[in-house]
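Peer 1: heads up, no residue letters with this:
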């Protein structure tokens, strides 16, 4: 007759129901098999953190703890039981295994508003940390993060920033796409980064907007919703979309009187993922589907470029102008895109008079601990001078304001302290410049001139859009000059968006606009803690039932 130790030796760690099946198959009675499971002793171990539905045990041999087979089998068993923990981990794998902590609410598949029978996102995060499936990282420069162990996925800060920026570009474009085809209410669509993006039902999403399309409406013209989550790069597997399927399924049962159109956007999907997604009734889309082949191909390219922006900015102008031409086919006020691409243009122009350039450098004051980002850092030959350039990409007609200049001047103090402690740059001349593709307000110019006159040891300078364009022309960079003209000075889509904004002020709340209620009525309950300040795991965690997970 098979023993538990023999099974674990042959098959590796496993959930108790699989072991019971094997014992019964070898001749044991079901009740006797369950009793043997309950009485296991060393070297057999029972995983202490409840991660499986109905408090099912996960057993392993001491020698296998934390080995590759341990994690693989644990994930296998959590996936097989549709555990929210597996959905959370798989979603993190799809994002490189490293995310800001405040993003976990959307990608976990767990509820952010209390829902009977469902584990809230705070508990999911606490248990994954307690089980060593992920760890919590506090970075003095960039904040709080969650990271998977190397055995599951490896992410980097550069990759994280590139993905986030590209996804915001994608969301900006998707908002314009939905507006253009009337899929959601024009002025009520909210995306990641908007302060008033609210949960839909019990879940957080990257994109949410009320829709008055007839198939989604409820009684008395009550609006339905369009919701979406987006991925900048990668071909998503069936496991990596489970968090979204889970949200869509529970949302349907929660908001029973209205329709919800659930869209997941990624570079691509495996055939198995497509089948599962369609069976679940969700829409699977790619950037090519939304914006056409040229833009669709450029979206993942942007993500790859931003991972190593300095190298790309130093490459041929043809590559840069091609990226500009392809991506600016995305319509609307895509400020995330405009800012990122203007940084690349500035990096390209700055590299002509520099020995080397770096981009997106985090400068830190060693005394105060305060941090500031340097958009473009240009170092001259023999490290005789270093220039930190602040980039402000604007729409056609956009202006650099006094507030933006004041904010930049405050950053200079931090960057000077950073350079003063730098092993190679402390002896160099430190210069600071701010470049914009727009014009500069008169009061901002007045402040800049005043500060330039008094800053002798660390001089400052600035360039408006005309000066940047003149620099490109002086260097006979016709392709870059044409791209600046087309996309930053005379781009028609941005002009249309600017006119719309003038006619419809963005401060909808102050003008009487109110987002319709995004959440169904729920019984009065104590509000969950803010996710940015999770309490440490406690013994009370195990009291929450997993029966409906």
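Peer 2: Received it, and whenever you're ready, just let me know what you need. Nothing here was measured: the structure is a model prediction, and the numbers come from that model.
Peer 1: tell me which helix or strand of the protein sits lowest on mean pLDDT?
Peer 2: helix 492-503 (a mean of 49; mean pLDDT, DSSP states H and E).
Peer 1: residue ranges with poor pLDDT in the stretch 1-150 of the chain?
Peer 2: 1, 140-142 (pLDDT under 70).
Peer 1: again with the stretch 301-450 of the chain
Peer 2: Ranges of the stretch 301-450 of the chain meeting pLDDT under 70: 314-316, 328-335.
Peer 1: Tell me where it has strands.
Peer 2: Here the stretch 301-450 of the chain has its strands, by DSSP state E, counting those that start in this stretch, at 356-364, 371-379, 385-392, 399-400, 429-436, 439-440.
Peer 1: gap between the fifth one and the chain center?
Peer 2: Using C-alpha atoms, centre = their mean, to the nearest Å, the distance from the centre of strand 429-436 to the centre of the chain it belongs to is 30 Å.
Peer 1: Just the terminal-to-terminal distance for stretch 59-76.
Peer 2: 13 Å (C-alpha to C-alpha, to the nearest Å).
Peer 1: contacts for that stretch?
Peer 2: 4-5, 8-9, 12-16, 19, 37, 40, 42-47, 51, 58, 86, 89-90, 132, 149, 151-152 (C-beta atoms under 8 Å, 6 or more residues apart in numbering). (C-beta placed from N, C-alpha, C; glycine too.)
Peer 1: Residue 309: what's its closest spatial neighbour, skipping adjacent residues?
Peer 2: What sits nearest to residue 309 in space, not counting adjacent residues and going by C-beta to C-beta, 6 or more residues apart in numbering, is residue 359, at 4.2 Å.
Peer 1: Tell me, how many residues neighbour the one you found?
Peer 2: Residue 359 has 25 neighbours, counted by other C-beta atoms under 10 Å.
Peer 1: How about residue 253?
Peer 2: 8.
Peer 1: swap in residue 116?
Peer 2: 10.
Peer 1: how near is it to residue 270?
Peer 2: 34 Å (C-beta to C-beta, to the nearest Å).
Peer 1: Which neighbouring elements make contact with the longest helix along the chain?
Peer 2: Longest helix of the chain, by residue count under DSSP state H: helix 157-181. With contacts taken as 3 or more C-beta pairs under 8 Å, 6 or more residues apart in numbering; DSSP states H and E, helix 157-181 sits against strand 98-100, strand 190-191, strand 207-211, strand 224-230, helix 287-291, helix 293-307, helix 335-350.
Peer 1: Point to the residue nearest the middle of this protein.
Peer 2: Nearest residue to the geometric centre of the chain (C-alpha atoms, centre = their mean): residue 164, 4.0 Å.
Peer 1: which residues does that residue contact?
Peer 2: Shown in contact with residue 164 (C-beta under 8 Å, 6+ apart): residue 100.
Peer 1: what's the straight distance from one end of stretch 454-472 to the other?
Peer 2: 29 Å.
Peer 1: buried stuff in it?
Peer 2: 460, 462, 463, 464, 465, 468, 469, 471, 472 (16 or more other C-beta atoms under 10 Å).
Peer 1: cool, and stretch 378-388?
Peer 2: 378, 379, 380, 386, 387, 388.
Peer 1: got the contact list for residue 252?
Peer 2: Residue 252 neighbours (C-beta under 8 Å, 6+ apart): 260, 281.
Peer 1: Just to be sure, it is in a helix?
Peer 2: Yes. Under DSSP: H, G, I helix; E, B strand; the rest coil, residue 252 falls within a helix.
Peer 1: Relative to residue 53, how far out is the closest residue in space to residue 254 that isn't next to it in sequence?
Peer 2: Nearest non-adjacent residue to residue 254, counting by C-beta to C-beta, 6+ apart: residue 201, 4.5 Å away. Distance, residue 201 to residue 53, using C-beta to C-beta: 22 Å.
Peer 1: can you check residue 336 too?
Peer 2: 40 Å.
Peer 1: Which one's more surrounded, the two?
Peer 2: residue 336 (21 against 17).
Peer 1: what residues are up against that one?
Peer 2: 165, 168, 169, 172.
Peer 1: which one among those gets closest to residue 246?
Peer 2: residue 168 (24.2 Å; C-beta to C-beta).
Peer 1: How much space separates the closest one from residue 127?
Peer 2: 30 Å.
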